[in-house]
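Novice: Based on what follows, work out the 3D shape:
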Amino acid sequence: MPKARKTIRPDKLRQKAIPTESITNALREAIACGEFNAGAPLRQDHIAAEFGVSHIPVREALKELVGDGLAVFAKNRGVVVSELSAKVAWELTEYRCLLEGQMARWAVPLMSDSDFLEAERILDRLDKETNTREILRLNTAFHAALFVPANRPYFLKSIEKVRINLLRYWRLAWEELGHKPKSQRDHRKLMSLCRKRDAEAVGIEMERHIRETGTLIVGYLKRKEREAA
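Specialist: Model (predicted):
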């Protein structure tokens, strides 16, 4: 695992009034990208000083992280980054299957030519990208591009929350398991089925793609757990 950095370096956040959402998003990205190891404390004093704000927005941001499952309250330690867990990774994978498979079925009949082009443009950028942080961002953008035509904002919000929690798990798939080529083949297959307007086939393929990635990550985590035992 990458070593945790001692400070957060948010982009373009040095301003007089920083909203809680900006602090929350910067912390989410720092956790997802391994700047904080599992179990690392998220100290209000340090974070407030880094952003140049009072403890109030930091406290609210930490509550959001706990709600996301990215952090937990630990006795005598305050808020710490939650541990990576094979069990949690699989539960989130199953939840994604339910949400994203159905969203794909709803979205496909409503997709326009411009929706197809946008999704394929993102995949073209993914093919060339080597930076893990940008790969994760583009991967999320691709899935969102497929789901937005469904016009189901509550479902989309739930999907976003699950994906936030899974980002640090996916980093393992990209950096340590070499999953990008297989993932991109799956994405291209999804696009082919979308263009055929085969909503049921897209839903089934989406679920298979999600389970396969989840199985890969869970297997990796279980191996790590055995090694640590």
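Novice: Which residue ranges of the chain form strands?
Specialist: 71-74, 78-81 (DSSP state E).
Novice: Residue ranges in this protein under the pLDDT threshold?
Specialist: The chain contains residues with pLDDT under 70 at 1-18.
Novice: Could you rerun that using 50?
Specialist: Counting by pLDDT under 50, the chain contains low-confidence ranges at 1-6, 11-16.
Novice: how does the chain divide into domains?
Specialist: Listed by automatic domain parsing, the domain ranges of the chain are 20-81, 86-228.
Novice: Redo those domains as CSV? Include mean neighbour count.
Specialist: C-beta coordinates here come from the backbone N, C-alpha and C atoms, glycine included. Formatted as CSV, those follow (neighbours: other Cβ atoms under 10 Å):
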stretch, mean neighbour count
domain 20-81, 17
domain 86-228, 17
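Novice: which residues touch I159?
Specialist: 96, 99-100, 103, 143, 147 (Cβ atoms under 8 Å, 6 or more residues apart in numbering).
Novice: again, only using 7 Å
Specialist: Residues near I159 by Cβ atoms under 7 Å, 6 or more residues apart in numbering: 99-100, 103, 147.
Novice: quick one on the thing from earlier: turn the strands of the chain into TSV, columns for distance to I122.
Specialist: What follows is the strands of the chain, written out as TSV (distance: least, Cβ to Cβ, whole Å):
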stretch	distance to I122
strand 71-74	30
strand 78-81	29
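Novice: can you tell me which of these comes nearest to L123?
Specialist: strand 78-81 (31.4 Å; Cβ to Cβ).
Novice: Give me the distance from that closest one to the chain's centre.
Specialist: 20 Å (Cα atoms, centre = their mean, to the nearest Å).
Novice: So what touches it?
Specialist: 31, 36-43, 62, 66, 70-74.
Novice: how about 8 Å then?
Specialist: Contacts of strand 78-81 (Cβ under 8 Å, 6+ apart): 31, 36-44, 62, 65-66, 70-74.
Novice: Could you do stretch 140-149 as well?
Specialist: 100, 103-104, 107, 110-112, 115, 118-119, 122-123, 126, 155-156, 159-160, 163, 167, 187, 190, 194.
Novice: hey, C-alpha coordinates of it in CSV?
Specialist: Provided in CSV are the C-alpha atoms of stretch 140-149 (Å, rounded to 0.1, in the frame of the first residue of the first chain):
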residue,chain,number,x,y,z
THR,A,140,-16.6,6.8,-13.4
ALA,A,141,-17.4,9.3,-16.2
PHE,A,142,-17.9,6.5,-18.7
HIS,A,143,-20.4,4.7,-16.5
ALA,A,144,-22.2,8.0,-15.7
ALA,A,145,-22.5,8.7,-19.4
LEU,A,146,-24.4,5.4,-19.9
PHE,A,147,-26.7,6.1,-17.0
VAL,A,148,-27.6,9.7,-17.3
PRO,A,149,-30.1,9.2,-20.2
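Novice: Same list (the contacts of I159) but as TSV, adding distance to R137.
Specialist: Output for those, formatted as TSV (distance: Cβ to Cβ, whole Å):
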residue	distance to R137
L99	20
E100	17
M103	19
F147	16
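Novice: List the contacts of the residue nearest to E225 when sequence neighbours are not counted.
Specialist: Nearest non-adjacent residue to E225, counting by Cβ to Cβ, 6 or more residues apart in numbering: A86, 6.5 Å away. When contacts are counted by Cβ under 8 Å, 6+ apart, A86 is found next to 218, 221-222, 225.
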